[in-house]
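> test case, fold it:
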Amino acid sequence: MNRRIDLFRGDITKMEVDAIVNAANTSLLGGGGVDGAIHRAGGRAILEECIKIRDKQGGCKVGEAVITTAGNMPAKYVIHTVGPVWSQSNKDVDGLLASAYQNSLKLAVENQVKTIAFPNISTGIYHFPKYEAAGIAIKTVRSFLLEYQQLDQVVFVCFDEVNYSIYEQLLS
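Here you go, the predicted structure:
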């Protein structure tokens with residue numbers, strides 16, 4: 001495995017990194033899955049900053065990313081990104097998922113983040129096929145790291161064994 005890319009099985013809200021990424025929805029007001037877990041673990045400060053962002057720009061579009069405090073979590077920041085809802089009829093679904101990773105990484109670099117942890121974006125209630133999503137995530141991160149030396153480490157955090165096994169296979 002590349003020393004700058006790591007894999008971890010567990011709870012992203014407990015990661016001791018500069019930034020964790022939230023698989024958010026366009027409203028930025030929290031939801032289920034990792035989004036709900038991050039909002040619960042981080043506390044009110046995250047929601048308050050998300051509301052300010054909404055008031056200023058009206059939420060977050062699919063493929064885009066915004067940054068807030070991490071509140072009560074060990075990380076400094078939460079980068080909220082919105083992955084696409086998977087659909088065979090949406091021909092740009094792969095590109096939108098890649099953009100979610102890429103825009104999160106760009107925001108990390110702009111905010112002097114050295115270590116960042118990603119969940120499995122769009123593979124829960126958005127039903128993106130796990131294997132394809134992992135491939136897009138890894139390819140996007142690898143290509144970003146070739147171009148940008150500012151990031152020391154990117155960690156893929158898998159909550160479940162299925163995603164962990166897929167990432168383990170694709171990273172080896």
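
> what's the helix or strand that contains Tyr167 packed up against?
Secondary structure from DSSP states H and E places Tyr167 in helix 161-171. When contacts are defined as 3 or more C-beta pairs under 8 Å, 6 or more residues apart in numbering; DSSP states H and E, helix 161-171 packs onto strand 5-9, helix 130-147, strand 153-158. (Each C-beta comes from the backbone N, C-alpha and C, glycine too.)

> all strands for this structure, in order.
5-9, 19-23, 65-69, 77-81, 115-118, 153-158 (DSSP state E).

> could you identify which of the ones you listed is most buried?
Among the strands of the chain, ranked by average contacts under mean count of other C-beta atoms under 10 Å, first place goes to strand 19-23 (a mean of 28).

> neighbouring contacts of that one?
12-13, 33-35, 38, 65, 67, 70, 73, 75-83, 104, 108, 111, 113, 115-122, 124, 126, 157 (C-beta atoms under 8 Å, 6 or more residues apart in numbering).

> rerun that using 7 Å as the cut-off
Strand 19-23 has contacts (C-beta atoms under 7 Å, 6 or more residues apart in numbering) with 12, 33-35, 38, 70, 75-81, 83, 104, 108, 113, 116-119, 121-122.

> ok, stretch 53-61 next?
Ala24, Thr26, Ser27, Leu28, Val66, His80, Val82.

> show me what counts as buried in that stretch.
By neighbour count on 16 or more other C-beta atoms under 10 Å, the buried set for stretch 53-61 is Ile53, Arg54, Gly59, Cys60.

> ok, so of these, who is nearest Arg3?
Cys60 (31.4 Å; C-beta to C-beta).

> dig out what Phe156 forms beta bridges with.
On the basis of DSSP bridges, Phe156 is bridged to Leu7, Phe118.
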